[in-house]
Every structure is written in structure tokens, then in C-alpha cells.
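Engineer: Predicted model and sequence below, questions to follow.
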Amino acid sequence: MTMLTSLLAACAVLCAGGFAFGQDAKQTPAAPPAPPPIPAAWAAIPTGEVVLKKADGSVDATYRYRLIEPRAVAIADPGARVPLVVFMHGAGERGADNAAQLTHFAGWCATDELQSKHPCYVLAMQCPKGETWAALDLKNYREMGEMPTQSSEPTRPMRALMQAIEEVVATKAVDPSRVYLTGLSMGGFGTFDLAARRPEMFACAIPICGGGDPSTAGAVARIPFYIVHGSDDPVVPVGLSRAMRDAIAGASAEAAREDAAKAKGIAVNVGKFNFAANGRAIAADATDGFVKIIADATTDKILGAQILGHNAGELISEIVTHMEYGGSAEDLARTIHAHPTMSEAVKEAALAVSKAALHAI
């Protein structure tokens, strides 16, 4: 993960450019700037392609990619293996030239400066115009705040990318335990999507300015994530990344506690309640986060809890008090909580342990 975060520092800088909006209505809009010329050195980066077939064996589509390779000295020793970084570009780099996807981050990875410090392969496939890495509809989120949902099947570019990854891992000197996933904007959405579809494939994921389906958090609970998104992003709402952060954090904590309990031979029940379903949280614009309670499946004794969000430091005290005297989730659920208050989220989480929450979403 350290190597990938070092590589992506440059990518974050590239993605942090400013935006300006508004102009005098009497002025003639300026023509968009011409794309920067493609560096000559990029022509030497090896190319490849993936051909998708239809059920009848005919060609469905062909997707091209660039594979940046480590210097020969890095893989000269027999058995030498280096990481593979999978990079998904944004919407602006879509096309058919098999070069625009190198503009941000990927092209820089081919330099001697980078490869001398962090030898690795970098796979950068190009998504054609009119297609996307992940089929997510953001209209309902923008208009009604509804989170997007992951499609049951991957898009064609995503299918091609998964095939390319498998081919590169099988034919190159790649350490399969160090396959890292990242992407920006449209590629950030693709990062969340692909991690959920193939969680066993990746050592970590770094989505930049993207979003995903929070219901997939359980699938990626054991993958380290480093989520990057500016709060003033005018294109992709930062709330999408925050929702994924909350969901993945909760799923990861739950997975860790479940693993620890299983190691001790303890069966557990887990109750979770999102602040987004709490009236006071909605009124206070503090809907990010959740309350989660873990209880012994046999005795219902509270074993642990997690609160992420507004007022967590005060809300946790009630749960700790119940834990101190060996209280159960039912004890906590039967305790009177004033309405409308944030503390009702604690009661709802306790009820959720037995799947009896009143207002869960």
C-alpha cells in the first residue's frame, strides 16, 4: 500500500486543478483548450488488446491498453516478481487512440524516475467514447439523494479489463499478492465497482473522486481502501465517496470483530443503524455515519460497538455503561430514549441486533 500511495501522490496533484464557473453573457465563450501533445516517449510503451466474443463466437468488441513495464534489471533474477497497478482513467480520456489514458498518472509511471524507485507494471486500458467502467445512474442521487446501485453484470469495458488483468498476471513477472487498483473520476467509480466484483484479486484500492454502491461494502470489507475526494468537487458529489467510506468502515470493523469472535469460537449477531434514518440527524444535516452493536448470539450480551458520525463521543457512553454491567442488546433496546434525539440511533441499533429496528434503511 505504501508504494501505491507514493505513486498516487502525483495523481492527486494532477486531479486537484481549479475550476472556474460563470462568464459575462455578452462575451463569446472561449474555445476549449487543445489537448496537450502526446509525449514521444509514450510511443515506446507496449500495447495490448482484449477481444470480447459474443455467444456465437463472433467479435463483440476490442479494447486496447498500454502496459508499462519495469526495467529489465528489476525482474532479471529468476523468480523476481513486482507489483501490478491497475489504473482506470476518467471520462475525458475516453477514445480510440490508446494514448489519452496515459495523460494522468499512468504515463508518469513509465519514467526512469518512478521505475528506479518503485519498479512495477501499470495496466492502463482505454475506455471508448460512449461507454463507462461502471453502469451507475447518478440522476436519482443528484435529484433525490438516493445512492446508486451496482448493476448485476459488469460493463463491456470492465469485462475487458478483468480479462486483461488475468492475462497480465498469468504472463508477466507479477506478484499476485500485490495487485493494486486505482482510478479517477469515472475511473474512481470503476475502482469501487471492480473491487466489489473481484475482491480476492486486489491488495488495496485507491478510488479518486468516485463513488459506488454502499451495499457492496461487505464484499470489500477486507480490502484496505484509501479514498481521495475533495469536498468542493463541482462534478462528482463528495457525498458519494463519504457514503462509501462509512459503509466500508462499518463493514471492515464488523468483519474484523467477526473474525476475532470466530477465532475464539464465539457466534455473534450484529445490529446497525444509519443516521440517515434518524429524524434529529436529518434536521441537523448530520446524516453521515451509523451506530453498530455486536452481541453474543447465544446470550445477547453486548460484546462491542462502533459509532461513526456526529456526537459519537457522547452516544458511545450509554453502550459502554451497559457493557460494564454485562447488559444485553435487549436491555439497551428497552431503555427509554427521548424523541427526537440522536440517541434513538443507539436504540435502533440495539433493536437491529434481533432484526427488529423500526426505521432502518
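Structural biologist: Looks like it came in fine.

Engineer: Pull up the gap between Cys127 and Ala333, please.
Structural biologist: 48 Å (Cβ to Cβ, to the nearest Å). Where C-beta positions appear, they are placed from N, C-alpha and C, glycine not excepted.

Engineer: What of Ala43?
Structural biologist: In terms of Cβ to Cβ, Ala43 sits 66 Å off from Ala333.

Engineer: neighbour count winner among these two?
Structural biologist: Legend: neighbour count by other Cβ atoms under 10 Å for Ala43 and Ala333, higher for Ala333 (22 against 9).

Engineer: tell me which element that one falls in.
Structural biologist: Assigned by DSSP states H and E, Ala333 falls within helix 329-334.

Engineer: Identify the residue nearest Gly95 in space, chain neighbours excluded?
Structural biologist: Nearest non-adjacent residue to Gly95, counting by Cβ to Cβ, 6 or more residues apart in numbering: Lys129, 5.9 Å away.

Engineer: Contact partners for that neighbour?
Structural biologist: Lys129 makes contact with Arg94, Gly95, Ala96 under the criterion Cβ atoms under 8 Å, 6 or more residues apart in numbering.

Engineer: Make sure it is indeed in a strand.
Structural biologist: No - the assignment for Lys129 (DSSP: H, G, I helix; E, B strand; the rest coil) gives coil, which keeps it out of a strand.

Engineer: Domain-wise, how is the protein divided?
Structural biologist: Listed by automatic domain parsing, the domain ranges of the chain are 41-141+148-254, 266-353.

Engineer: Rebuild these as CSV, extending it with distance to Ile361 and mean pLDDT.
Structural biologist: CSV is the format used below for the domains of the chain (distance: least, Cβ to Cβ, whole Å; pLDDT from 0 to 100):
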stretch, distance to Ile361, mean pLDDT
domain 41-141+148-254, 11, 94
domain 266-353, 5, 91
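
Engineer: max-length helix in the protein?
Structural biologist: Assignment by DSSP state H gives helix 238-263 as the longest helix of the chain.

Engineer: That one - contacts with which helices or strands?
Structural biologist: If you count contacts as 3 or more Cβ pairs under 8 Å, 6 or more residues apart in numbering; DSSP states H and E, helix 238-263 packs onto strand 268-274, strand 289-296, strand 302-309.

Engineer: that older thread, could you give the separation of the helix holding Ala333 from the chain centroid?
Structural biologist: Centre-to-centre, helix 329-334 and its host chain are 34 Å apart (Cα atoms, centre = their mean, to the nearest Å).

Engineer: which residues touch that helix?
Structural biologist: With Cβ under 8 Å, 6+ apart as the test, helix 329-334 has contacts from 269, 271, 293, 295, 300, 302, 318-319, 322, 346-347, 350-351, 353-354, 356.

Engineer: Most neighbours of all those residues, which one?
Structural biologist: Tallying neighbours with other Cβ under 10 Å puts Ala350 at the head of the contacts of helix 329-334, with 32 neighbours.

Engineer: immediately after the helix holding Ala333, which helix or strand?
Structural biologist: Remark: after helix 329-334, the chain's next helix or strand is helix 344-353, criterion DSSP H and E.

Engineer: How far off centre is that following helix?
Structural biologist: Centre-to-centre, helix 344-353 and its host chain are 27 Å apart (Cα atoms, centre = their mean).

Engineer: Just the CA trace of it, in PDB.
Structural biologist: Taking Å, rounded to 0.1, in the frame of the first residue of the first chain, the C-alpha atoms of helix 344-353 are listed here in PDB:
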ATOM      1  CA  GLU A 344     -32.500   7.000  19.300                       C
ATOM      2  CA  ALA A 345     -30.000   5.600  16.800                       C
ATOM      3  CA  VAL A 346     -28.500   3.700  19.700                       C
ATOM      4  CA  LYS A 347     -31.800   2.100  20.500                       C
ATOM      5  CA  GLU A 348     -32.400   1.300  16.800                       C
ATOM      6  CA  ALA A 349     -29.100  -0.400  16.500                       C
ATOM      7  CA  ALA A 350     -29.800  -2.500  19.600                       C
ATOM      8  CA  LEU A 351     -33.200  -3.500  18.100                       C
ATOM      9  CA  ALA A 352     -31.400  -4.300  14.800                       C
ATOM     10  CA  VAL A 353     -29.400  -7.000  16.700                       C
END
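
Engineer: so who does Phe225 touch?
Structural biologist: With contact taken as Cβ under 8 Å, 6+ apart, Phe225 is in contact with Ala195, Cys204, Ala205, Ile206, Pro207, Arg245, Ile248.

Engineer: helix/strand/coil for the first one?
Structural biologist: To tie it back to what came earlier, the one meant is Ala195. helix.
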